[in-house]
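K.L.:
this one's structure only:
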């Protein structure tokens with residue numbers, strides 16, 4: 001029987017155990033409503049999820065075949081001759097698309113895709129060595145591995161991506177098992193994880209992975225199997241950062257392609273994680289690390305880890321995050337920059353960094369129940385994340401700058417990349433979106449959370465009764481949400497509905513960005529037609545009552561067109577303002593603005609209007625003003641190369 005699959009941020013903590021007694025560590029106090037219990041029925045997201053399923057996932061599978069990524073597994077299994085092809089971490093592109101396809105199968109059964117994924121898993125399994133080692137860059141030709149892999153297993157873990165590769169494999173295997181009930185891939189993952197647990201530990205090899213990911217994967221495998229050693233090894237890897245590792249690390253000469261790995265901060269290894277108060281280094285790695293730290297803080301009730309992740313979140317959202325939610329301002333190292341260093345044209349803002357951030361923000365919400373984390377999640381979802389894929393679903397951005405001349409790779413989407421981490425990463429999150437809409441808490445009393453406003457239906461078990469929750473909404477284009485709550489029998493519980501920070505004149509939970517003016521409009525709510533006081537608890541409107549069939553909550557979020565200003569220390573944005581309406585950040589694209597955006601100006605008090613154009617870029621809201629027209633940032637570069645800017649001179 002097909003297992004219910006939960007979101008990637010919580011599956012590790014609530015999945016049914018494959019074997020062994022229930023785990024003793026604490027669970028996240030809030031858990032997601034599984035994606036198989038939620039159906040996105042229309043509105044903004046239904047066509048995008050369908051495009052991901054029908055276009056993006058098949059496209060990525062095909063690209064992996066055509067670029068030799070699948071062939072690497074056949075070579076490692078001695079089923080095909082030839083040398084390893086591509087980057088040393090290319091195995092993960094195969095794993096992540098299996099994970100994306102698994103989530104898609106969980107929500108939308110497809111016998112043909114199911115068969116295709118089974119065949120791909122068989123190829124992967126054949127490449128695994130007898131002791132569980134699965135890393136095709138070395139297995140194909142151990143005496144002549146590709147650059148960066150090191151002369152022996154694990155000895156260059158700070159650069160080799162061996163555990164990074166295994167982490168994505170394990171996550172995919174857990175997803176596939178929970179989507180289909182098949183153990184074929186899970187058995188491969190367990191064998192690999194057992195080898196890692198045997199190789200690394202207090203009495204074995206002491207290392208900190210150069211690219212974080214295995215920490216998240218081992219926690220997920222712990223949740224799926226109940227085997228405590230996986231959780232303990234994840235914590236071991238976290239604790240190793242900033243400490244002495246086994247062996248002397250290699251020092252690469254100036255100018256070497258791996259020279260950046262000499263910098264401990266680049267890989268977040270400069271200090272113990274509980275002492276890290278500032279986000280530094282490679283932004284994707286940092287996001288994965290902070291997500292793993294949140295797991296440790298919560299599951300192992302570690303207060304030092306808890307303090308660290310809270311401090312790091314405040315550092316990111318107050319000094320290092322773009323208005324789009326994008327992370328990473330230093331292109332040469334794909335890294336976080338100095339305080340308030342947020343250049344627009346050279347912004348790296350890798351799609352994977354947005355995803356890593358979203359994994360982290362959702363975990364923080366599940367830990368603390370604070371809507372401010374979801375506000376940042378939503379900002380990233382509609383802007384920095386969604387910009388990574390074209391409207392058609394078959395071309396992608398690796399970088400997501402906030403200004404472009406239209407030249408170079410920052411101005412044109414690509415069908416795939418030599419380093420192709422972003423497309424499948426984007427696809428796996430898109431496939432899981434239904435499982436991010438709702439959440440619930442059992443203690444101290446039953447509570448259902450509405451986190452995102454998505455036209456959908458959900459069936460939720462609340463204190464032994466089935467509650468059907470449905471949303472009717474055209475969000476993010478319109479601010480009206482009709483929320484229907486239909487329990488199969490009357491019962492008392494709390495409905496906690498997020499009231500977005502942007503509706504309360506707070507674009508982000510810090511002073512990094514602010515609206516240029518204060519609007520008099522306020523969000524409102526009605527229960528069965530009667531007004532409800534907008535009294536919030538951690539950003540949620542909490543309605544506790546005896547719910548019965550037919551109850552309806554009507555929400556209205558006024559959506560005036562707002563101008564956004566950056567903190568004065570963000571020098572690049574002085575004298576400029578961005579445009580935002582609802583959760584959507586807008587940009588100017590040259591094709592709509594006389595062939596250029598570089599000279600555009602828009603006074604702060606300029607009158608602006610919005611119009612929905614169903615026939616443009618998949619259906620978008622367009623904002624018009626004196627001599628300018630703005631489109632949603634996520635939709636730029638879908639009409640060819642072009643100039644673009646988010647921050648407009650005033």
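P.N.:
Looks like it came in fine. If you're wondering where the values come from, they're calculated on a predicted model, not measured in any experiment.
K.L.:
domain map for the chain?
P.N.:
Following automatic domain parsing, the chain resolves into domains at 11-436, 438-498+522-556, 562-649.
K.L.:
so for the longest one, mean pLDDT?
P.N.:
I take that to be domain 11-436. Across domain 11-436, the average pLDDT comes to 95.
K.L.:
before we move on, what about the shortest one?
P.N.:
Average pLDDT, domain 562-649: 97.
K.L.:
buried residues in stretch 564-584?
P.N.:
Of all the residues in stretch 564-584, those buried under the rule 16 or more other CB atoms under 10 Å are 564-567, 570, 572-573, 576-584. Bear in mind the C-beta positions are built from the backbone N, C-alpha and C, glycine included.
K.L.:
can you check stretch 454-467 too?
P.N.:
Within stretch 454-467, the residues that count as buried by 16+ other CB under 10 Å are 454-460, 462, 467.
K.L.:
still on that earlier bit, make JSON lines out of the domains of the chain and add distance to residue 508.
P.N.:
Output for the domains of the chain, formatted as JSON lines (distance: least, CB to CB, whole Å):
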{"stretch": "domain 11-436", "distance to residue 508": "6"}
{"stretch": "domain 438-498+522-556", "distance to residue 508": "13"}
{"stretch": "domain 562-649", "distance to residue 508": "9"}
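K.L.:
could you identify which of these is most buried?
P.N.:
domain 11-436 (a mean of 21; mean count of other CB atoms under 10 Å).
K.L.:
if we can go back for a sec, farthest-separated two in the buried residues of stretch 564-584?
P.N.:
The distance between the two most remote of the buried residues of stretch 564-584 (CB to CB) is 25.0 Å, for 572 and 582.
K.L.:
just the element for the residue nearest to the spatial centre of the chain, please.
P.N.:
Residue closest to the mean C-alpha point of the chain, counted by CA atoms, centre = their mean, is residue 355 at 2.5 Å. With elements taken from DSSP states H and E, the one containing residue 355 is helix 351-368.
K.L.:
can you list contacts of stretch 75-93?
P.N.:
Outside stretch 75-93, the residues within contact range by CB atoms under 8 Å, 6 or more residues apart in numbering are 60, 64, 67-69, 71-74, 123, 126-127, 134-137, 139-141, 144-149, 160-161, 164-165, 168-169, 211, 418-421, 423-424.
K.L.:
which stretches of the stretch 51-200 of the chain form strands?
P.N.:
For the stretch 51-200 of the chain, no strands are identified by DSSP state E, counting those that start in this stretch.
K.L.:
now for residue 556: which residues touch it?
P.N.:
Residue 556 sits next to 479-481, 523-525 when contact means CB under 8 Å, 6+ apart.
K.L.:
output the below-cut-off pLDDT ranges for the stretch 451-600 of the chain.
P.N.:
Applying pLDDT under 70 to the stretch 451-600 of the chain flags no residue at all.
K.L.:
now the strands for it?
P.N.:
456-462, 465-473, 480-487, 491-498, 513-515, 524-527, 530-532, 536-537, 540-547, 551-556, 561-566, 576-581, 584-589.
K.L.:
output those as TSV; include the columns distance to residue 435.
P.N.:
Below are the strands of the stretch 451-600 of the chain laid out as TSV (distance: least, CB to CB, whole Å):
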stretch	distance to residue 435
strand 456-462	10
strand 465-473	14
strand 480-487	18
strand 491-498	16
strand 513-515	29
strand 524-527	25
strand 530-532	28
strand 536-537	24
strand 540-547	19
strand 551-556	22
strand 561-566	30
strand 576-581	27
strand 584-589	23
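K.L.:
what's the spacing between residue 340 and residue 285?
P.N.:
22 Å (CB to CB, to the nearest Å).
K.L.:
what does residue 113 give?
P.N.:
To residue 285, residue 113 is 31 Å away according to CB to CB.
K.L.:
repeat that for residue 172.
P.N.:
Separation of residue 172 from residue 285 (CB to CB) stands at 19 Å.
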